[in-house]
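[1] What follows is a predicted protein model with its sequence.
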Amino acid sequence: MPETPQPAPGAGDGGGRPAERGRTTVTEGVVEKVAGLAARDVVGVHALGSGLSRTFGAVRDRVPGGARAGAGRGVKAEVGEVQTALDLEIVVDYGVSIADVARAVRENVIAAVERMTGLEVVEVNIAVMDVKLPDEDDGDGDDRDGDGYDEDGQDLEGDEYGGEGSGGPGPRLR
């Protein structure tokens, strides 16, 4: 019985397994955004970044075409081919255990970055920059949900009644 010739290994399939046919690069900005979002998910984290970086970030976010979005604010990543190291600046809420919050942030950030990017996280350094007191205003104009009011219900746009021509619903009810 004649033997049919068998193709060489990898022949006809593009030269190997699909995973070996190119390179995937994850940028620092991507790692910073993933880490920033993961850190914000932890109870007790009020904000990321120092007061100055949050203020500049709030201004930058309001400028059309401004630099990157605030998701990576307060996070600095160094990315290699297979590993990453992160530095985070956080503001914690008054009354929480800073050690517990830092541990939870570290665990959440490592899990999210490794799961989403495939990079090994070799270290997560956390600097607690401030403590948010219950009656203290950030001064960063933080409008997390885009409704024109900060998290304490303060009118950020100065148009208590919806503003002229804004079509707003009038005063905000609590």
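    Structure received. These figures come from a predicted structure and were not determined experimentally.

[2] I'd like the next helix or strand past the helix or strand bottoming out on mean pLDDT in the chain.
    Ranking every helix and strand in the chain by mean pLDDT, DSSP states H and E puts helix 51-62 at the bottom, with a mean of 53. Downstream of helix 51-62, the first helix or strand assigned by DSSP states H and E is strand 75-79.

[3] Which residues does that next one contact?
    Applying CB atoms under 8 Å, 6 or more residues apart in numbering, the external contacts of strand 75-79 come out as 26-28, 31-33, 35-36, 39, 48, 84-89, 119. Heads up, the C-betas are built off the backbone N, CA and C, glycines and all.

[4] Buried residues of the longest strand anywhere in the chain, list them for me.
    Longest strand of the chain, by residue count under DSSP state E: strand 120-132. Burial within strand 120-132, assessed by neighbour count using 16 or more other CB atoms under 10 Å, is assigned to 121, 124, 126, 128-130, 132.

[5] Are any of the contacts of strand 75-79 buried, and if so which?
    By 16+ other CB under 10 Å, those give 26, 31-33, 35-36, 39, 48, 84-89, 119 as buried.

[6] Would you map the strands across the protein?
    Going by DSSP E, the chain shows strands at 45-48, 75-79, 83-93, 120-132.

[7] Output the ones you listed in a markdown table, with distance to Glu20 and mean pLDDT appended to each entry.
    Compiled in a markdown table, the strands of the chain are given as follows (distance: least, CB to CB, whole Å; pLDDT from 0 to 100):
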| stretch | distance to Glu20 | mean pLDDT |
| --- | --- | --- |
| strand 45-48 | 38 | 96 |
| strand 75-79 | 22 | 97 |
| strand 83-93 | 20 | 97 |
| strand 120-132 | 20 | 97 |
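
[8] Mind putting those strands into JSON lines with distance to Ala112?
    Listed next are these as JSON lines, based on distance: least, CB to CB, whole Å:
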{"stretch": "strand 45-48", "distance to Ala112": "14"}
{"stretch": "strand 75-79", "distance to Ala112": "12"}
{"stretch": "strand 83-93", "distance to Ala112": "11"}
{"stretch": "strand 120-132", "distance to Ala112": "9"}
